[in-house]
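**Student:** Sharing a sequence plus its predicted fold:
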Amino acid sequence: MEQEISTTLRDLLNHETPFFAYRRPEEDNLHLGRITTARSFKYDMLEQMPEQAGFVMVPFHTGEARAWWLGTEKMEAVKLPQKERRPNQSPVQNQEEDPESFASYAEQFRQMMSALTAGKVQKVILSRTITLNRDLKQDLPGIFLRLTQRYPAAFCYLVASPQTGIWLGASPELLFAQQDRQCTTVSLAGTRSSEGSPSDWTAKEREEQGLVSSYIDQLLGDFGVSTYQKNGPEIIKAGNLTHLKTSYSFKQSEIHKLAQFVEALHPTPALCGEPKMQAMALIRKVEQHQRLYYGGFMGPLGNADCHLFVNIRCMNTAPGHSTLYVGGGLTRQSELHSEWNETVMKSRTLLSVLSPRQA
């Protein structure tokens, strides 16, 4: 079965047939759709969902890329093979291995810490890229399948279209889901390599997660959602990392401007910062790369299916090279080497599955 899936995906890539494939968290099926329709994504699609099945790709900032809804005439579901999940390995270990990238990151860190110290922002996310000067197109089916096996609790996806290019990833972070008239969102922030109880986490990690939760609390109130269920923070495991997570759920009937709510939700302080507009301006001033679809959101939307995930732990593949995106939240309590090493740990999600030898 694994060979059949790999062959199908490779044929689609080689023939440049637009498609999307995904596996929801803790699910055994791979969903595959050949793209027949592409149109600009509008938030009102959340309230009047397309009858046709489709997949959304929305960028971090609309000034860097277009938001797309990619539709398909037919969805295919295939049972995924289950394999033993081995510990993650990665060729990346510490900052000394890439002094040039670390120096650039350190300067951007300094600029953002200056804004944090001055009180211009409470939190801001600093991201960086890792460029692999290899053509990975033929390896993508295997990389994608290893992601589904290695990270059962993540939303794993692979998208190839003329509109977006080729992207894949394994996201542990739900932005918004709507199912059976029930709406769900989460606050996910704070990262470490060990577990322990929430009280064991540092003040910086708890503050970082708390800022995201406070933002969602405020947003729910602003949109008149007075009755909702809130659980957490709890510790969740995402591959070789653990995070603090608070879950929110409420009835669809509680909210009258659902499209505007999701639009206001994106990007959350987990991917942008707080206050949002000031953090966004700081990111676009300081970071030396465009985030494109990193930090945006993606997922199935259409035919009564709405599961949207934040696009983190992701990679963009182009002829001759691929770009990995990793980042972390900064507060006034942040320390340079700790933040850098967090991005190193996050890069292992994809670096560990790039070849069968590493897997």
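**Tutor:** Arrived safely, thanks for sending.
**Student:** what are the ranges of the helices in the stretch 251-359 of the chain?
**Tutor:** Secondary structure of the stretch 251-359 of the chain, counting by DSSP state H, counting those that start in this stretch: helices at 258-265, 276-286, 336-351.
**Student:** Out of the ones you listed, flag the one nearest residue 163.
**Tutor:** helix 258-265 (20.4 Å; Cβ to Cβ). For the C-beta atoms, the positions are set from N, CA and C on the backbone; glycine is no exception.
**Student:** on that earlier part again, out of the helices of the stretch 251-359 of the chain, which gets nearest to residue 82?
**Tutor:** helix 336-351 (19.5 Å).
**Student:** For that closest one, buried residues please.
**Tutor:** In terms of neighbour count (16 or more other Cβ atoms under 10 Å), helix 336-351 has its buried residues at 339-351.
**Student:** Sort out which one of these lies nearest residue 102 for me.
**Tutor:** For the buried residues of helix 336-351, the minimum distance to residue 102 (Cβ to Cβ) is 6.3 Å, reached by residue 340.
**Student:** these two touch, right, the closest one and residue 103?
**Tutor:** No: here residue 340 lies out of contact with residue 103, judged by Cβ atoms under 8 Å, at a distance of 10.8 Å.
**Student:** In this structure, where is pLDDT below threshold?
**Tutor:** 83-97, 194-199, 355-359 (pLDDT under 70).
**Student:** Go again with 80.
**Tutor:** 1, 81-99, 193-200, 239-240, 355-359 (pLDDT under 80).
**Student:** how near is the residue lying farthest from the centre of it to residue 130?
**Tutor:** Here the chain reaches farthest from its C-alpha mean at residue 118, the gap being 29.5 Å by Cα atoms, centre = their mean. From residue 118 across to residue 130, the span is 30 Å (Cβ to Cβ, to the nearest Å).
**Student:** Next up, the contacts around residue 340.
**Tutor:** 95, 102, 105, 106, 109 (Cβ atoms under 8 Å, 6 or more residues apart in numbering).
**Student:** got a markdown table for the residues you listed, with secondary structure, neighbour count and distance to residue 57 too?
**Tutor:** Below are the contacts of residue 340 laid out as a markdown table (DSSP: H, G, I helix; E, B strand; the rest coil; neighbours: other Cβ atoms under 10 Å; distance: Cβ to Cβ, whole Å):
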| residue | secondary structure | neighbour count | distance to residue 57 |
| --- | --- | --- | --- |
| 95 | helix | 18 | 32 |
| 102 | helix | 19 | 31 |
| 105 | helix | 20 | 27 |
| 106 | helix | 15 | 32 |
| 109 | helix | 21 | 29 |
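**Student:** Please tell me how far the residue farthest from the centre of the chain sits from residue 289.
**Tutor:** Distance from residue 118 to residue 289, by Cβ to Cβ: 24 Å.
**Student:** One more: residue 207?
**Tutor:** Taking Cβ to Cβ, one finds residue 207 at 27 Å from residue 289.
**Student:** same check, this time on residue 60
**Tutor:** For residue 60, the distance to residue 289 - Cβ to Cβ - is 11 Å.
**Student:** and those two? which has more neighbours close in?
**Tutor:** residue 60 (27 against 13; other Cβ atoms under 10 Å).
**Student:** Thought residue 287 was touching the more buried one, still the case?
**Tutor:** No: between residue 60 and residue 287 there is no contact, the gap being 10.3 Å when judged by Cβ under 8 Å.
**Student:** what's around the residue nearest to residue 227 when sequence neighbours are not counted, how many residues?
**Tutor:** Leaving out its chain neighbours, the residue that sits closest to residue 227 by Cβ to Cβ, 6 or more residues apart in numbering is residue 254, at 6.0 Å. For residue 254, the neighbour count with other Cβ under 10 Å is 15.
**Student:** same check, this time on the one 5 residues further on
**Tutor:** Around residue 259 there are 15 other residues, counting by other Cβ under 10 Å.
**Student:** dump the residue contacts of the closest residue to it other than its chain neighbours.
**Tutor:** Of all residues not flanking residue 259 in the chain, residue 43 sits nearest, at 4.0 Å (Cβ to Cβ, 6+ apart). Contacts for residue 43 (Cβ under 8 Å, 6+ apart) come out as 259, 260, 262, 263.
**Student:** and residue 224, helix, strand or coil?
**Tutor:** Classification of residue 224 using DSSP: H, G, I helix; E, B strand; the rest coil returns coil.
**Student:** Assess the claim that it and residue 253 are in contact.
**Tutor:** No: under the criterion of Cβ under 8 Å, residue 224 makes no contact with residue 253, lying 11.4 Å away.
**Student:** Could you measure from the nearest residue to residue 234 once chain neighbours are set aside over to residue 213?
**Tutor:** With sequence-adjacent residues excluded and distances taken as Cβ to Cβ, 6+ apart, residue 234 is closest to residue 245, at 5.7 Å. Separation of residue 245 from residue 213 (Cβ to Cβ): 10 Å.
**Student:** Just the endpoints, please. Distance across stretch 134-147?
**Tutor:** From its first residue to its last, stretch 134-147 covers 19 Å (Cα to Cα, to the nearest Å).
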